[in-house]
Each structure stands twice: as structure tokens, then as C-alpha cells.
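Chemist: this one's structure only:
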């Protein structure tokens with residue numbers, strides 16, 4: 001089975017070569033770019049399966065590249081893993097809000113980056129099947145979207161609409177980090193009149209009802225939440 005193609009975008013040659021070396025060892029096909037405009041051009045022409053994108057680039061930065069890719073029809077669903085120099089919360093939140101799927105802070109472990117990429121691509125391959133079936137299972141936790149039912153160890157879990165939609169949203173993108181704003185937009189629609197902090201209240205209630213599976217919903221400090229891989 002041929003491996004996917006990954007576009008690496010970083011203006012630091014040593015970082016770019018480090019990532020390239022580790023991903024090639026995993027069998028991935030690699031494309032590279034060292035500027036934002038070049039990254040957009042390659043992404044449009046080659047349609048890679050994933051982009052590893054540094055935020056600090058000459059010309060247009062990683063934020064603008066992300067915005068462009070998310071607004072273009074052919075690259076709208078392209079997974080993006082952003083690299084942040086300092087791991088600053090404001091940069092991470094901005095990148096996620098623009099549509100990045102995950103982030104890695106420099107300095108980083110190549111093994112961790114490869115694992116994150118592998119997980120994202122695996123989830124992407126499974127998403128279409130899960131969407132058709134409408135059922136997701138994590139151990140003894142079963143989420144049935146079509147029937148609007150969640151069962152835990154064989155017993156139905158009584159969830160509010162917000163709790164159910166939030167659980168489905170996070171579970172569908174297992175391992176991806178989402179800000180509170182993104183969660184609000186996903187479960188209530190854009191510009192819904194609710195504070196982002198109300199998501200924290202929904203999370204608390206949902207964790208109580210999930211009992212032993214409460215830890216499946218992880219808090220990413222200063223950023224938001226994700227469903228644990």
C-alpha cells in the first residue's frame with residue numbers, strides 16, 4: 001500500500017531536513033517549501049495528504065497559508081499540523097481557529113511528530129467509513145449518531161443535546177485539539193449567542209455521566225479540549 005504524500009513547510013533548512021528524514025524513513029512521499037507563497041502553490045498543484053506548517057515564514061506567514069488553504073475548495077479538508085516556535089497560547093489558538101488540525105511546539109521530538117502525523121492520516125482514512133456507519137466505539141463506550149444514543153457498558157447514558165453533540169464532535173476528531181470557540185461553532189453554529197466558558201460547564205456535566213471514561217475528554221491547558229487517542 002503506497003504511503004501518503006506530506007508537504008513540509010519551514011524556512012529553517014535544518015528543521016526541514018530533520019522532518020523530511022524522519023518521514024521518509026516511515027515511507028512517506030515528501031514535498032518541501034520554505035516560503036508561504038511556495039507552499040500554497042505546491043499544495044494546489046500536488047494536493048498532498050497532509051501539511052506540516054511552520055508559522056514563522058518569510059513573505060506570508062503560516063496563519064495566512066492556513067487561511068488560504070481552508071478557503072480554497074480543493075484544499076479545504078487538507079490536514080494541517082502547525083509548528084510553533086514558542087508554544088505560545090495565542091499563536092496556538094489563532095492557528096486552531098483558522099483551521100489547523102494539530103500543533104507541535106519547537107523544540108520537538110521527531111518521533112512525537114511522526115506519531116501525530118500517523119494518527120491524523122489513520123483517522124482520515126477511517127472517517128468516511130465511520131460517517132457511513134454512524135457508529136463509533138471506544139471500548140465499552142458506544143456512540144450511535146443515527147439513533148442519537150450513547151451507551152456505556154451496555155447501559156444508555158442520558159445526555160443533553162449539547163452534551164451529545166459535543167461528545168460526537170470530539171470523538172469524530174479523536175486526538176485533535178479544539179478551542180472553545182470552535183466547539184461552540186460546531187455544536188451550535190457560528191455566532192451562536194453563548195459564552196465560550198459555557199462549554200466548560202457542558203464538559204463538567206459530560207465527564208460526570210461518562211464515569212470511568214471521563215478521562216477520554218482531555219483538557220489542553222490554555223487552548224481547549226480533545227478526545228484522547
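Modeler: Looks like it arrived, so ask away. Model, not experiment: these values are computed from the prediction.

Chemist: just the helices in this structure please.
Modeler: 13-25, 36-46, 62-71, 89-98, 110-133, 161-172, 180-188, 197-210 (DSSP state H).

Chemist: wait, residue 56 sits on residue 62?
Modeler: Yes - the pair residue 56 / residue 62 is scored as a contact, 7.0 Å apart, by C-beta atoms under 8 Å. C-beta: built from backbone N, CA, C; applies to glycine.

Chemist: Those two: which is more packed in?
Modeler: Higher neighbour count among residue 56 and residue 62: residue 62, with 26 against 16, using other C-beta atoms under 10 Å.

Chemist: Not counting sequence-adjacent ones, nearest residue to residue 37?
Modeler: Leaving aside its chain neighbours, residue 37 sits nearest to residue 59 (5.3 Å; criterion: C-beta to C-beta, 6 or more residues apart in numbering).

Chemist: since we're on the one you found, how many residues are nearby?
Modeler: Residue 59 has 13 nearby residues by other C-beta under 10 Å.

Chemist: ok, now residue 41?
Modeler: Neighbour tally, residue 41, other C-beta under 10 Å: 12.

Chemist: And residue 81, by the same measure?
Modeler: That count, for residue 81 with other C-beta under 10 Å as the rule, works out to 20.

Chemist: sorry, back to before: show the contacting residues for the residue nearest to residue 37.
Modeler: With contacts taken as C-beta atoms under 8 Å, 6 or more residues apart in numbering, residue 59 has the following neighbours: 35, 36, 37.

Chemist: Flag every buried residue along stretch 205-224.
Modeler: Buried residues in stretch 205-224, counted by 16 or more other C-beta atoms under 10 Å: 206, 207, 209, 210, 213, 216, 217, 223, 224.

Chemist: what's the spacing between that stretch and its chain's center?
Modeler: 17 Å (C-alpha atoms, centre = their mean, to the nearest Å).

Chemist: what's the average pLDDT for it?
Modeler: Stretch 205-224 shows an average pLDDT of 91 in the prediction.

Chemist: Contact partners for residue 79?
Modeler: By C-beta under 8 Å, 6+ apart, the contact list for residue 79 reads 49, 50, 51, 101, 120, 121, 124.
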